[in-house]
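**Q** here are the coordinates; sequence isn't available:
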């Protein structure tokens, strides 16, 4: 069961790191339009479609939930949705691979340790808890190496030193992107905290006939819908201020086909993560989150490399990037053994 859970989480991470890759080929659309169409599919249509297909009598579950559980999951959803908005802004500013490394990596410690503090604080002082903290630290160290690789690449592209580049317009854009990614990192961990508080959703879903592997889908639909609200607000404000509404119906047919696929990858990764974490038992959110995030980072780095974000990057930056990815893989393996 544990091996199957780890496998599902790793697959979920690969899907998570691949979600935004199609934006690279949607060149006829503004980034804002691509993001707006994608978010409708990913955070509204697909989560409810999957939940309705996998959880019997879905709509009868929500009236039975306690107000406390609904509030916590709704609050976490809004916070996570804000992180998603910041993620999209950061990708547009500093690239897919670097944004993924910063945002996902910085959220690992918070997203992993918070459920442990919530569910079993005493375990943090045990040998297993200490090893979890060590493994999380190793994963974050790998993320920092990837981030440093991106900084070296960015400076080299401008043809100057970090000091020279700090006064350039591109450096200001880079700094804004990094700030957005870091803020998003802390907010994105709320997604995993919602899972830690979502036991009531799961119990009701199972009681209504859902498989334990699909029980979390009732919660994902609820939480992600609240996460859509910041995206909707950003779309309305941006499109109104920049007069993009008239462009909305237009574009190549191929572009309209990508967002549903992106939405399917997002909810597919989310469902697999929930199922995999469930198979790891009470420690699922603690052990699963860093594995999920780290594999998403590696997936983002892969697609960033394929789409030539690292083309002509200095050899030193590629060495740091490779070392960062390798370090994450080592500590992912360590986390996988801690569930036994």
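**A** That came through, no problem. In this text, all values refer to a predicted model and were calculated from it rather than measured experimentally.
**Q** Does residue 259 touch residue 37 like I think?
**A** Yes - with contacts defined as CB atoms under 8 Å, residue 259 counts as touching residue 37 at a distance of 4.5 Å. For the C-beta atoms, the positions are set from N, CA and C on the backbone; glycine is no exception.
**Q** Tell me which stretches of the chain form helices.
**A** In the chain, the segments counted as helices under DSSP state H are 2-18, 31-40, 46-54, 67-94, 96-119, 127-158, 162-165, 169-188, 190-196, 199-207, 217-242, 253-279, 284-306, 315-338.
**Q** mean confidence for the shortest one?
**A** Same thing as helix 162-165. Per-residue pLDDT values over helix 162-165 give a mean of 48.
**Q** Begin at 19, not 1, for the rest of this chat.
**A** Yes, from this point I'll number from 19; that puts the last item at helix 180-183.
**Q** Can you pull out the low-pLDDT segments for the chain?
**A** In the predicted model of the chain, residues 19-20, 114-116, 118-119, 122-124, 127, 136-138, 176-189, 357-358 satisfy pLDDT under 70.
**Q** mind putting the helices of the chain in JSON lines, mean neighbour count and distance to residue 79 included?
**A** Rendered in JSON lines, the data for these read as follows (neighbours: other CB atoms under 10 Å; distance: least, CB to CB, whole Å):
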{"stretch": "helix 20-36", "mean neighbour count": "21", "distance to residue 79": "23"}
{"stretch": "helix 49-58", "mean neighbour count": "21", "distance to residue 79": "24"}
{"stretch": "helix 64-72", "mean neighbour count": "19", "distance to residue 79": "10"}
{"stretch": "helix 85-112", "mean neighbour count": "21", "distance to residue 79": "11"}
{"stretch": "helix 114-137", "mean neighbour count": "24", "distance to residue 79": "22"}
{"stretch": "helix 145-176", "mean neighbour count": "20", "distance to residue 79": "32"}
{"stretch": "helix 180-183", "mean neighbour count": "13", "distance to residue 79": "53"}
{"stretch": "helix 187-206", "mean neighbour count": "19", "distance to residue 79": "26"}
{"stretch": "helix 208-214", "mean neighbour count": "25", "distance to residue 79": "16"}
{"stretch": "helix 217-225", "mean neighbour count": "19", "distance to residue 79": "5"}
{"stretch": "helix 235-260", "mean neighbour count": "20", "distance to residue 79": "5"}
{"stretch": "helix 271-297", "mean neighbour count": "20", "distance to residue 79": "15"}
{"stretch": "helix 302-324", "mean neighbour count": "26", "distance to residue 79": "21"}
{"stretch": "helix 333-356", "mean neighbour count": "18", "distance to residue 79": "32"}
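**Q** closest to residue 43 out of those?
**A** Across the helices of the chain, residue 43 has its closest neighbour in helix 271-297 (7.4 Å, CB to CB).
**Q** one step back: for residue 78, which of the helices of the chain is the nearest?
**A** Across the helices of the chain, the minimum distance to residue 78, taken as CB to CB, is reached by helix 217-225, at 8.8 Å.
**Q** Make sure residue 214 is actually in contact with residue 303.
**A** Yes - Residue 214 is within contact range of residue 303, at 4.8 Å (criterion: CB under 8 Å).
**Q** Report the contact partners of residue 277.
**A** In this structure, residue 277 makes contact with 52, 55, 56, 58, 59, 60, judged by CB atoms under 8 Å, 6 or more residues apart in numbering.
**Q** Apologies, that question was intended for residue 273.
**A** Contacts of residue 273 were listed using CB under 8 Å, 6+ apart, and they are 44, 46, 47, 52.
**Q** one more time with 10 Å, if that's ok
**A** Residue 273 makes contact with 40, 41, 43, 44, 45, 46, 47, 51, 52, 55 under the criterion CB atoms under 10 Å, 6 or more residues apart in numbering.
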